[in-house]
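A.B. asks: Have a look; sequence and predicted model below, questions after that.
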Amino acid sequence: MVAASGIAPPRAAAALPSARARGAHRVGFLRSHSQVAAAAAAKLRCCASANDDGVVEPAAPKPRPPRVAGMGSKLIGCGLAVPSLTISNDDLSKVVETSDEWIATRTGIRSRRVLSGDETLGGLAVLAAQRALEMAQVRPEDVDLVLFCTSTPDDLFGAAGQVLAELGCSTKALGFDITAACSGFIIGLITATQFIKGGGDYQNVLVVGADALSQYVDWTDRGTCILFGDAAGAVLVQACSTEEDGLLGFCAQSDGNGQKHLHCSGSNAKSILSKTNGVPGFPPKKGTFSCIEMNGKEVFRFAVRCVPQSIEKALEEAGLPASSIDWLLLHQANQRIIDAAATRLSIPSEKVISNLANYGNTSAASIPLALDEAVRGGKVKRGDIIAASGFGAGLTWGSAIVKWG
């Protein structure tokens, strides 16, 4: 298990935009070899809650460490896009043996959106990004970096470049994909701020989370097909002074030993060619992917253990107590997981953001999707502190303490 937590250390604050020297100190993500070895030996056990009764004790506030590299970063715009087709639980009951009551009781989901017709994931991503830019009042040509967080791109070689082009961004801008499944958006958010803080010419960074897991679901398996939906969400992260910094602390981790509990593995179909010319094992078989496979009980246990602890670590990095949280925004996987994490963190239900009932699990899109609805609905206001956490396949998980606006 390799952990990365990060507060970028400072130098004296400089007025924008002159502080963007490429030679600025960069902050690494990896710990020492001995720390990595000790963490790997612990595996998921290191995620166990602090007390035997399962309650995670709040982190004692401590002075926030000074920063070194570059400048701060803040979230100033968000947007979402969802497919037009809605599939209700009643609709699913006509496909598999299930019911609205059975699904809602176990997951909290009532309906989900699914791509149909000529809709594409890339199209949703572009629309969500456009809406984020409009809210932020930033022109596409002023975007310096696009991070496309997805496990289901339209192009296996990456789709960020297409998003850049369709938005009308400059060819001087950089774009690349991030694959971390349901943790993808949080990893993208951390990556965005590291580009800004680490020096270089990055003022405006678009972080887009989008997935179309409906394409990889076994629609005869009621254990998984009821969970997932398609969507896209985006935020605009902008460079700012250190005094305005909006990413207050974070924690990100992974453990490949848990991959067996949640995966969509590659598989081989028939041979690409009919003639092999007598060469054994040649040509290779055509690559494809199996349907999503999940051990729901193990994923649930993993999430309710690791998510509260991850948020506590991010709070500790930020030097903030849990009582400072205005909103808890978790990956929208299962309402039971959301409720359990909130209980362990002693966060009341009225401070929990959830739109799971209407969209299901949209993977990397779920956090920006819920954030956009909360901002546009008037819940989240400028200056509010949000504890956000993503978790899922890999296994990966990560948390970020952010200030909106």
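C.D. replies: Alright, I've got the coordinates.

A.B. asks: other SSEs contacting the longest helix anywhere in the chain?
C.D. replies: In the chain, taking DSSP state H as the definition, the longest helix is helix 296-318. Using 3 or more C-beta pairs under 8 Å, 6 or more residues apart in numbering; DSSP states H and E, the elements in contact with helix 296-318 are strand 2-5, strand 247-254, helix 335-344, strand 385-392, strand 396-403. C-betas here are computed from N, CA, C, even on glycine.

A.B. asks: Just the CA atoms of the longest one, as CSV, please.
C.D. replies: The C-alpha coordinates for helix 335-344 follow below in CSV (Å, rounded to 0.1, in the frame of the first residue of the first chain):
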residue,chain,number,x,y,z
GLN,A,335,-26.5,5.2,0.7
ARG,A,336,-25.6,2.7,3.4
ILE,A,337,-21.9,3.5,2.9
ILE,A,338,-22.6,7.3,2.9
ASP,A,339,-24.6,7.0,6.1
ALA,A,340,-22.1,4.8,7.9
ALA,A,341,-19.2,7.1,7.1
ALA,A,342,-21.1,10.1,8.3
THR,A,343,-22.0,8.4,11.5
ARG,A,344,-18.4,7.4,12.2
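
A.B. asks: how about it: buried residues?
C.D. replies: 335, 337, 338, 339, 340, 341, 342, 343, 344 (16 or more other C-beta atoms under 10 Å).

A.B. asks: what's the farthest-apart pair in those?
C.D. replies: For those, the farthest-apart pair by C-beta to C-beta is 335 and 344; their separation is 15.0 Å.

A.B. asks: Leaving out chain neighbours, which residue sits closest to the residue sitting nearest the centre point of the chain?
C.D. replies: Closest residue to the average C-alpha location of the chain: residue 185 at 2.4 Å, with C-alpha atoms, centre = their mean. Nearest residue to residue 185 in three dimensions, chain neighbours excluded: residue 209, at 3.7 Å (C-beta to C-beta, 6 or more residues apart in numbering).

A.B. asks: Check whether the one you found sits in a helix, strand or coil.
C.D. replies: At residue 209 the chain is in strand, as set by DSSP: H, G, I helix; E, B strand; the rest coil.

A.B. asks: what's the first-to-last distance across stretch 92-101?
C.D. replies: Stretch 92-101 has an end-to-end distance of 12 Å (criterion: C-alpha to C-alpha, to the nearest Å).

A.B. asks: pLDDT value on the residue nearest to the centre of the chain, please?
C.D. replies: pLDDT, residue 185: 98.

A.B. asks: and if you look at residue 264?
C.D. replies: Confidence score, pLDDT, at residue 264: 67.

A.B. asks: Would you map the helices across this structure?
C.D. replies: All helices of the chain, identified by DSSP H, fall at 33-42, 89-92, 100-107, 121-136, 160-167, 184-197, 296-318, 335-344, 356-359, 366-376.

A.B. asks: returning to that earlier point: beta-bridge partners for the residue nearest to residue 185, please?
C.D. replies: residue 149, residue 233 (DSSP bridges).

A.B. asks: Could you report the neighbour count for it?
C.D. replies: 36 (other C-beta atoms under 10 Å).

A.B. asks: Skipping adjacent residues, who's closest to residue 123 in space?
C.D. replies: Closest to residue 123 by C-beta to C-beta, 6+ apart is residue 81, at 7.8 Å.

A.B. asks: swap in residue 104?
C.D. replies: residue 110 is the one closest to residue 104 (C-beta to C-beta, 6+ apart), at 5.8 Å.

A.B. asks: And the one you found, how far from residue 304?
C.D. replies: Here the criterion is C-beta to C-beta, to the nearest Å. By it, residue 110 lies 22 Å from residue 304.

A.B. asks: roughly how far apart are residue 253 and residue 312?
C.D. replies: With C-beta to C-beta as the criterion, residue 253 and residue 312 are 13 Å apart.

A.B. asks: Compare the two and say which is more crowded by neighbours.
C.D. replies: Just comparing residue 253 and residue 312: by other C-beta under 10 Å the higher neighbour count belongs to residue 253, 25 against 22.

A.B. asks: Give the bridge partners for the more buried one, please.
C.D. replies: In beta-bridge terms (that is, DSSP bridges), residue 253 pairs with residue 3, residue 397.

A.B. asks: before we move on, what about residue 327?
C.D. replies: Going by DSSP bridges, residue 327 forms beta bridges with residue 386.

A.B. asks: Run through the residues that contact it.
C.D. replies: 351, 352, 353, 374, 379, 380, 384, 385, 386, 387 (C-beta atoms under 8 Å, 6 or more residues apart in numbering).

A.B. asks: TSV for those, including pLDDT and neighbour count?
C.D. replies: Formatted as TSV, those follow (pLDDT from 0 to 100; neighbours: other C-beta atoms under 10 Å):
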residue	pLDDT	neighbour count
351	98	16
352	98	17
353	98	21
374	98	21
379	97	14
380	98	23
384	98	16
385	98	18
386	98	23
387	98	30
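
A.B. asks: In terms of distance to residue 138, which of those residues ranks first?
C.D. replies: residue 380 (19.3 Å).

A.B. asks: That closest one touches residue 371, doesn't it?
C.D. replies: Yes - contact criterion C-beta atoms under 8 Å: residue 380 and residue 371 qualify, at 7.0 Å.

A.B. asks: which one of the helices of the chain lies closest to residue 243?
C.D. replies: Closest to residue 243 of these, according to C-beta to C-beta: helix 184-197, at 14.0 Å.

A.B. asks: Give the closest residue to residue 387 in space, chain neighbours not counted.
C.D. replies: Closest to residue 387 by C-beta to C-beta, 6+ apart is residue 325, at 4.7 Å.

A.B. asks: Now do the contacts for that neighbour.
C.D. replies: So residue 325 contacts 315, 345, 347, 351, 385, 386, 387, 401 (C-beta under 8 Å, 6+ apart).

A.B. asks: Per-residue pLDDT of it, please?
C.D. replies: 97.

A.B. asks: From residue 354, how far off is it?
C.D. replies: For residue 325 relative to residue 354 (C-beta to C-beta), the value is 15 Å.
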